[in-house]
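Undergrad: need a structure here:
(one chain, ligands or ions: 1)
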Amino acid sequence: MIYLDNAATTPVHPDVLKAMLPYLDKQYGNPSGIYEFAEKSKAAIDEVRKIIAGSINAKPEEIYFTSGGTESDNWALIGMAEALKDKGRHIITTAIEHHAVINTCEYLKQRGYDVTYLDVDNEGIINLKNLRDSIRKDTILISIMCANNEVGSIQPIKSIGEIAHRNNICFHTDAVQAYLHTQIDVKKMNIDMMSASSHKFRGAKGCGFLYIRDGIKPAVFMHGGKQESGVRAGTENVHGIVGMGEAVKIGLKNMSKNIVYTRNMRDYLWYRIEHEIPNVMLNGSRYDRLPGNLNVSFLGIEGQSLLVMLDMDGICTSSGSACTAGLGGGSHVLKALGASGDRLKGALRMTLDVQNTMEEMDYVVWRIKENVATLRDNI
Ligand code: PLP
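TA: Below is the predicted model:
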């Protein structure tokens, strides 16, 4: 199998698995316990808090463990909307957010909040003037993703944060795709809240975190026990958190070299597709995108049909994000970039990681070439 869907999820790193296993059988104490055995679990997750904080220039007490990106996004948006409802009810986001943000905004709209969805240019980047112009007296939150999951476009986060802070507005970013794939410094980049998810960087599924800057106080989202300083109840996913800590250590140590390796392989894949297959279009920016992301439209065919044929060749790809696959109607992200018709229908996303090789890329190009020709011949 050749796995080119790393934006959907990544395999757990062997060292992450090794770090997690003792917390499932031998070291199973509940971190809330007050005997030594349980305190070891508490110490383990607090160590991870320090590791994550160090990776983004935050303080350990600013890191809150969650069940992943979706929960972190929901908490950031609903929590701030609830906390600041007397100050205002206007939220600014973009048209290309993940559904964890978009559908949360739609939920808030039904409860009387007003949401502005900023447009993006044909490379998937927002316009800062549009952002400034959309700020109102009652704007309480700006939520703009760091990097897009479908086309990999990277937003000017530092400038967005500056604009938010100049207007005294809280700035949340969904960094689920960006964390450990690009450098993030929450202080330098003016980020107040940041979502991340462990399974996107070689950790386990069902685990993530929300960075909440000291002084920012979203309403409690999960009610119950006193875990996570009393603001996110529920027995901690200790093995998941320990694994996430290990994944962060590994990801951080190798980030620079991984970026270069993945980007070179992605550029090689695109070069060959562009030069050897007629009528293809790159979706998103040529240079300013996540290193492993390639999103290509093969004009005249259905991306979904190509995906199925590649699957029969043992190659895993995506025709949208994992969460929109099967929904039909075409990707909201590609539409926001201005794609329609053949370009929208013929899109295929390939997301690479360090486990992939150049030899795999050669096989992938060969299979895409043959399958695209077959599909086009059959029209
Ligand atoms: N935000 C973005 C940008 C994503 O790509 C994803 C998952 O694909 C999520 C949020 C949701 O994360 P999770 O799968 O951890 O709930």
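
Undergrad: any stretches of the protein with poor pLDDT?
TA: Filtered on pLDDT under 70, the chain yields the residue ranges 320-328.

Undergrad: try it again at 90.
TA: Along the chain, segments meeting pLDDT under 90 span 286-288, 319-330, 378-379.

Undergrad: buried ones in stretch 21-31, by neighbour count?
TA: For stretch 21-31, the neighbour count (16 or more other CB atoms under 10 Å) marks 23, 27, 29, 31 as buried. Using the backbone N, CA and C atoms, a C-beta is placed for each residue, glycine as well.

Undergrad: dump those to CSV, plus distance to the ligand and secondary structure.
TA: Shown next, in CSV, are the buried residues of stretch 21-31 (distance: CB to the nearest ligand atom, whole Å; DSSP: H, G, I helix; E, B strand; the rest coil):
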residue, distance to the ligand, secondary structure
Tyr23, 20, helix
Gln27, 25, coil
Gly29, 26, coil
Pro31, 21, coil
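
Undergrad: want to throw the residues you listed into TSV with distance to Ile2?
TA: TSV is the format used below for those (distance: CB to CB, whole Å):
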residue	distance to Ile2
Tyr23	32
Gln27	37
Gly29	41
Pro31	40
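
Undergrad: for those, which one is nearest Glu302?
TA: Nearest to Glu302, judged by CB to CB, of those is Tyr23 at 44.8 Å.

Undergrad: domains in this structure, by residue range?
TA: Annotated domains of the chain cover 2-7+254-377, 14-250 [automatic domain parsing].

Undergrad: kindly compare burial across the ones you listed and name the winner.
TA: Neighbour counts (mean count of other CB atoms under 10 Å) averaged over each of the domains of the chain peak at domain 14-250, with a mean of 20.

Undergrad: the strands in the chain, which residues?
TA: 2-3, 63-66, 90-94, 114-118, 139-143, 170-174, 193-197, 208-212, 280-282, 293-298, 315-316, 347-351 (DSSP state E).

Undergrad: who's in contact with stretch 184-191?
TA: Contacts made with stretch 184-191 from outside it, assessed by CB atoms under 8 Å, 6 or more residues apart in numbering, are listed as 55-58, 146, 157-158, 160-162, 164-165, 171-173, 175, 178, 194, 211, 213.

Undergrad: export that stretch to PDB, keeping only CA atoms.
TA: What follows is stretch 184-191, C-alpha atoms only, in PDB (Å, rounded to 0.1, in the frame of the first residue of the first chain):
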ATOM      1  CA  ILE A 184       4.600  28.100  15.400                       C
ATOM      2  CA  ASP A 185       5.400  30.600  18.200                       C
ATOM      3  CA  VAL A 186       2.100  31.700  19.800                       C
ATOM      4  CA  LYS A 187       3.700  34.800  21.400                       C
ATOM      5  CA  LYS A 188       5.500  36.000  18.300                       C
ATOM      6  CA  MET A 189       2.400  35.200  16.100                       C
ATOM      7  CA  ASN A 190      -0.100  36.900  18.400                       C
ATOM      8  CA  ILE A 191      -2.200  33.700  18.800                       C
END
